[in-house]
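1. structure here, sequence nowhere to be found:
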């Protein structure tokens with residue numbers, strides 16, 4: 001029997017790159033990046049989907065320049081919302097399913113406890129609004145789907161907070177880091193591996209069964225921290241690696257968000273509850289600190 005075709009977008013991104021490896025045992029992975037398709041071009045995207053005819057579309061690609069989105073909302077909407085709607089429409093035509101990734105930025109941070117899937121979204125910025133529009137388009141399409149919200153994604157590859165801190169800590173004497181925004185740093189590899197485990201349960205053996213567990217799920221590391229606490233953990237961890245002990249690294253200074261003005265407003269609290277994911281699929285991601293230790297150890301070995 002032929003392996004089902006799994007189309008993965010954003011192959012050069014943090015999650016996309018990990019998905020190519022994690023999903024390989026489940027089917028024939030066809031991965032595409034910006035050089036293959038412009039997600040802001042709906043016609044080009046439709047042509048790609050109709051040519052490949054995937055049984056499953058996995059979409060980690062997104063317009064993630066949060067501050068730039070404030071002045072470029074048309075492109076952010078085209079990638080984060082319209083492209084998702086196109087994928088859902090084409091999936092319905094093909095009889096396919098969709099796995100899509102969203103964000104903690106759909107919430108405004110007014111809650112004092114971890115957000116659950118039934119909490120009402122209220123995004124504070126253009127990025128969050130366009131990601132929410134993408135969620136809504138997927139849910140309204142009438143197809144088998146998984147919408148996985150995650151947060152503060154990082155990894156060994158790509159542009160992310162961890163890599164930025166490691167670079168700037170070697171270039172500067174002091175780094176001012178926001179200490180009043182709370183979330184859960186989540187390793188891209190864990191997102192990809194959890195996705196593969198979910199699909200192994202409810203798609204590979206019986207593709208129709210994905211319809212039974214379709215829905216919105218939160219998928220983040222356990223625990224919570226501030227950007228300042230995260231930066232502290234990064235530098236403390238990297239100082240344990242060979243070659244880093246003797247390096248002079250920047251001192252960290254905690255600051256409030258008001259002292260770090262940016263175009264896009266951020267939530268003060270965006271921790272997501274993973275209880276629904278655990279109940280449905282028996283999955284629990286490790287604490288963010290444990291994952292960070294693993295990432296830094298992997299960096300030290302490379």
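-> Arrived safely. Quick caveat, the model's predicted, so the values are computed rather than measured.
2. all strands of this protein, in order?
-> Secondary structure of the chain (DSSP state E): strands located at 5-8, 28-31, 56-59, 97-103, 145-150, 153-154, 174-178, 182-183, 186-187, 215-218, 225-226, 251-255.
3. need those strands in CSV (columns: distance to residue 265).
-> Placement of C-beta: from N, CA and C, glycine included. Written out in CSV, the entries for the strands of the chain read as follows (distance: least, C-beta to C-beta, whole Å):
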stretch, distance to residue 265
strand 5-8, 32
strand 28-31, 34
strand 56-59, 26
strand 97-103, 14
strand 145-150, 19
strand 153-154, 20
strand 174-178, 13
strand 182-183, 15
strand 186-187, 22
strand 215-218, 22
strand 225-226, 17
strand 251-255, 16
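4. low pLDDT regions in this structure?
-> Low-confidence segments of the chain, defined by pLDDT under 70, are located at 1-2, 205, 207, 300-302.
5. 80 - rerun?
-> Counting by pLDDT under 80, the chain contains low-confidence ranges at 1-2, 205-209, 243, 245-246, 299-302.
6. so what's residue 219 closest to, chain neighbours aside?
-> With sequence-adjacent residues excluded and distances taken as C-beta to C-beta, 6 or more residues apart in numbering, residue 219 is closest to residue 148, at 4.5 Å.
7. actually residue 73, not the one I typed
-> When the adjacent residues along the chain are set aside, residue 73 lies closest to residue 126, with 4.6 Å between them (C-beta to C-beta, 6+ apart).
8. give the contact list for that neighbour.
-> If a contact means C-beta atoms under 8 Å, 6 or more residues apart in numbering, then residue 126 has 69, 70, 73, 76, 264 as its contacts.
9. then residue 230?
-> Here residue 230 is in contact with 152, 161, 162, 185, 288, 292 (criterion: C-beta under 8 Å, 6+ apart).
10. name the nearest of these relative to residue 218.
-> Proximity of these to residue 218 (C-beta to C-beta) peaks at residue 152, which lies at 12.9 Å.
11. pretty sure that closest one sits against residue 188.
-> No - the criterion here is C-beta atoms under 8 Å, and residue 152 misses it with residue 188 at 10.7 Å.
12. ok, residue 50 touching residue 87?
-> No - counting by C-beta under 8 Å, residue 50 stays clear of residue 87, with 11.8 Å between them.
13. neighbour count winner among the two?
-> residue 87 (30 against 11; other C-beta atoms under 10 Å).
14. next, count neighbours for the residue lying closest to residue 77 once chain neighbours are set aside.
-> Of all residues beyond its chain neighbours, the one nearest residue 77 is residue 130 (4.7 Å), with distances taken as C-beta to C-beta, 6+ apart. A count of neighbours around residue 130, defined by other C-beta under 10 Å, yields 25.
15. quick one: residues contacting residue 130.
-> Residue 130 sits in contact with 63, 69, 73, 76, 77, 79, 80, 81, where contact means C-beta under 8 Å, 6+ apart.
16. at 6 Å what do you get?
-> The neighbours of residue 130, taking C-beta atoms under 6 Å, 6 or more residues apart in numbering as the test, are 76, 77, 80, 81.
17. and the last one, how many residues sit next to it?
-> The one in question is residue 81. 21.
18. do the second one as well
-> For residue 77, the tally of surrounding residues (other C-beta under 10 Å) stands at 20.
19. and the third one, by the same measure?
-> Other residues within reach of residue 80, judged by other C-beta under 10 Å, total 30.
20. for the residue lying closest to it once chain neighbours are set aside, give its distance to residue 48.
-> On the basis of C-beta to C-beta, 6+ apart, the spatially nearest residue to residue 80 that is not a chain neighbour turns out to be residue 130, at 3.8 Å. Here the distance between residue 130 and residue 48 works out to 21 Å (C-beta to C-beta, to the nearest Å).
21. with residue 258 instead?
-> Relative to residue 48, and taking C-beta to C-beta, residue 258 is found at 44 Å.
22. which of the two has more residues huddled nearby?
-> Here residue 258 and residue 48 are set side by side on neighbour count (other C-beta under 10 Å), and the busier one is residue 48, at 21 against 8.
23. I'd assumed residue 37 was in contact with that one.
-> Yes - because the distance of 4.8 Å satisfies C-beta atoms under 6 Å, residue 48 is recorded as touching residue 37.
24. could you dump the contacts of residue 126 to TSV with distance to residue 59 and neighbour count?
-> What follows is those, written out as TSV (distance: C-beta to C-beta, whole Å; neighbours: other C-beta atoms under 10 Å):
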residue	distance to residue 59	neighbour count
69	18	25
70	23	16
73	20	17
76	15	26
264	22	17
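25. among the residues you listed, which one lies nearest to residue 96?
-> Distances from residue 96 to these, taken as C-beta to C-beta, are shortest for residue 76 (25.3 Å).
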